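>>> sequence-free structure coming up:
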């Protein structure tokens, strides 16, 4: 994230997609810039699905 003023907006959007009673671990790190200057945020995610979901 290049500007931490966006943290609240990022959390609001994330909370639309996750169980807020059991929120996943998350970390926000501010950087001076990303590879493409027009980008504000980089997201890395891992997800596991239960065996029955296959």
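Yes, it's here. Values in this document were obtained by computation on a predicted structure and should not be read as measured data.
>>> going forward, measure contacts and count neighbours with C-alpha atoms only.
Will do.
>>> Now residue 41: closest residue in space, sequence neighbours ignored.
In this structure, residue 41 finds its nearest non-sequential neighbour in residue 1, 4.4 Å apart by CA to CA, 6 or more residues apart in numbering.
>>> Around that neighbour, how many other residues sit close by?
19 (other CA atoms under 10 Å).
>>> Next one: it relative to residue 52, how far apart?
35 Å (CA to CA, to the nearest Å).
>>> Next, the nearest residue to residue 4 once chain neighbours are set aside: secondary structure please.
Spatial nearest neighbour of residue 4, chain neighbours left out: residue 30 (6.4 Å); criterion: CA to CA, 6+ apart. Three-state assignment for residue 30 (DSSP: H, G, I helix; E, B strand; the rest coil): coil.
>>> Now do residue 30 against residue 14, distance only.
With CA to CA as the criterion, residue 30 and residue 14 are 18 Å apart.
>>> Helix or strand for the residue most central in space within the chain, just tell me which one.
In the chain, the centroid-proximal residue (CA atoms, centre = their mean) is residue 43; its distance is 5.4 Å. For residue 43, there is no host helix or strand (DSSP states H and E).
>>> Find me the pLDDT at it, would you?
With respect to pLDDT, residue 43 scores 90.
>>> From residue 50, how far off is it?
23 Å.
>>> and what of residue 33?
37 Å.
>>> again, but for residue 8
The spacing between residue 8 and residue 50, counted by CA to CA, is 30 Å.
>>> Looking at these two, which has the bigger crowd around it?
Ranked by neighbour count (other CA under 10 Å), residue 8 and residue 50 place residue 8 first, with 10 against 6.
>>> The residue nearest to residue 4 touches residue 6, doesn't it?
No. Contact between residue 30 and residue 6 fails when scored by CA atoms under 8 Å: they sit 10.4 Å apart.
>>> Understood, closing this out.
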